[in-house]
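In: Give me a 3D structure for the following:
(one chain, ligands or ions: 2)
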Amino acid sequence: MVKDTKLYDLLGVASDADASQLKKAYFRLAQKFNPNLSENKEKFQEINNAYELLKDDAQRALYDKYGLNDMGKAQQVPGDIGSVFEEILKKQSQQYGPQQAQVLVQEVWVTLEQMFNGADVSVQITRQIKCAECKGVGGSTPNCVGKCDQCNGMGIVLARMQQGGRIIQQQIVCPKCNGEKECVKNPRNLCQKCCGKRFSTEQKTHQVRVEPGTADGQQLTLFQEGNWELGAQGDCVIVFKQTNSTFRREEADLFMTKEIGLDEAVCGTSFKLQHLSGEEITVFKGECIGHGQVMCCKGLGMPVKGRIYEHGNLFVTFEVKFPQKISLEVRKLIADALGSEDSRKRINACAELKHDGARNIELTYVDPTQKTKNADSSGQQEYNDHREEGNTQEMQCGAM
Ligand SMILES: [Zn+2]
Ligand SMILES: [Zn+2]
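Out: Numbering: from 1, shown residues only. Ligands and ions are numbered 1, 2, ... in the order given. Model (predicted):
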């Protein structure tokens with residue numbers, strides 16, 4: 001007799017289903033709720049979780065006996081259940097092999113100019129090092145350390161966690177020995193300096209090189225400059241992050257937007273540009289430029305990573321700022337210079353047309369973010385309020 005059948009129900013099988021029945025049911029449902037084809041990603045996750053637990057004989061035995069909610073408590077129960085859990089953990093700790101110290105990640109913010117030219121930056125890292133007092137043992141004498149009793153020398157324990165309204169089992173690093181599998185048996189023997197933690201904290205400054213062409217998010221590993229963990233000095237990984245710049249960057253290309261007037265759009269433009277190299281560059285084009293037109297300055301991009309003597313390009317998107325008003329005299333001049341007979345006629349026709357609100361509509365300048373709201377949206381709110389009031393009254397009646 002099983003305690004609860006929730007996981008079996010999810011897979012649509014009986015609680016005495018054998019391994020092949022479970023597998024068949026799982027594959028059928030996994031296909032049906034495949035997240036690439038189905039909207040119901042949560043259901044897929046549930047089916048997955050259920051199958052992961054039930055396909056493991058030891059976990060299934062626990063689930064059958066205690067149900068999903070009480071599985072975790074079973075870990076503290078002595079006897080057969082304790083040993084079942086031990087089996088699961090032993091299998092997992094073998095599966096994952098000897099644990100390694102986690103990499104210490106340090107973000108370093110650099111400017112796009114530094115990424116362009118290359119730079120040496122100093123980085124201060126706070127890290128854990130082997131306790132000098134106890135030589136990383138954690139106790140006053142080397143033989144005061146023994147197998148950790150909380151994880152039974154496996155470095156990991158199972159913990160119950162809540163995830164999206166469900167209780168799941170997850171293995172975590174043993175909080176007592178920090179995954180070291182051993183700890184000081186008698187608190188009297190704890191190292192006075194590190195109190196059994198095995199490490200002390202130090203601040204260290206490194207000079208690191210930002211190579212020309214360094215990408216946002218590029219990493220640099222400093223070997224054995226990370227934390228002292230699990231009996232070894234781990235590595236530190238420096239992650240270069242780019243601060244904001246006037247240029248947008250995509251790999252070795254740079255992008256910028258330039259606003260020009262109507263006169264520049266028609267007659268051509270030239271402007272000065274403070275480039276990342278530190279040089280002031282004059283950029284020009286002596287022909288017409290359209291609104292939204294993209295033009296390129298060849299070779300003004302970033303150094304190409306791996307081929308630093310090559311450079312990407314700089315792309316300029318032009319935004320033409322039109323004047324809101326041009327006097328009639330000037331419009332006539334423009335029509336004479338650029339326009340046709342039609343444009344001259346149109347100028348005169350516009351001057352004669354009158355806005356009458358019916359057939360002649362004159363366009364007006366507006367703020368495009370200004371929106372017109374439906375008048376009955378507040379009516380809907382009133383209706384909702386009324387309904388809620390009604391419900392409350394009903395509830396009150398019921399309570400009385
Ligand atoms: Zn110590
Ligand atoms: Zn432990």
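In: Spatially nearest residue to the most centrally placed residue in the chain, not counting backbone neighbours?
Out: Taking C-alpha atoms, centre = their mean as the criterion, G217 is the residue nearest the geometric centre of the chain, at 12.6 Å. Leaving out its chain neighbours, the residue that sits closest to G217 by C-beta to C-beta, 6 or more residues apart in numbering is V239, at 6.3 Å. In this view, the C-beta of every residue, glycine as well, is placed from N, C-alpha and C.
In: what residues are up against that neighbour?
Out: By C-beta atoms under 8 Å, 6 or more residues apart in numbering, V239 lies in contact with V105, Q106, E107, V108, G217, Q218, Q219.
In: For those residues, give me JSON lines that also has distance to ligand 2 and secondary structure.
Out: Below are the contacts of V239 laid out as JSON lines (distance: C-beta to the ion, whole Å; DSSP: H, G, I helix; E, B strand; the rest coil):
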{"residue": "V105", "distance to ligand 2": "25", "secondary structure": "strand"}
{"residue": "Q106", "distance to ligand 2": "28", "secondary structure": "strand"}
{"residue": "E107", "distance to ligand 2": "31", "secondary structure": "strand"}
{"residue": "V108", "distance to ligand 2": "35", "secondary structure": "strand"}
{"residue": "G217", "distance to ligand 2": "35", "secondary structure": "coil"}
{"residue": "Q218", "distance to ligand 2": "37", "secondary structure": "coil"}
{"residue": "Q219", "distance to ligand 2": "32", "secondary structure": "strand"}
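In: which of those are buried?
Out: Applying 16 or more other C-beta atoms under 10 Å to the contacts of V239, the neighbour count classes Q106, V108, Q218 as buried.
In: wait, what's in contact with the second one?
Out: If a contact means C-beta under 8 Å, 6+ apart, then V108 has V121, V123, V208, I238, V239, F240, K241 as its contacts.
In: for these, which one is nearest K3?
Out: V239 (47.5 Å; C-beta to C-beta).
In: List the backbone torsions phi and psi for the residue nearest to the centre of the chain.
Out: According to degrees, to the nearest 10, the main-chain angles of G217 amount to phi 90, psi 0.
In: swap in P303?
Out: phi -60, psi 140.
In: any idea how far the spatially closest residue to it that is not a sequence neighbour is from ligand 2?
Out: Nearest non-adjacent residue to P303, counting by C-beta to C-beta, 6+ apart: G213, 3.8 Å away. According to C-beta to the ion, to the nearest Å, G213 and ligand 2 sit 46 Å apart.
In: sec struct for G213, please.
Out: coil (DSSP: H, G, I helix; E, B strand; the rest coil).
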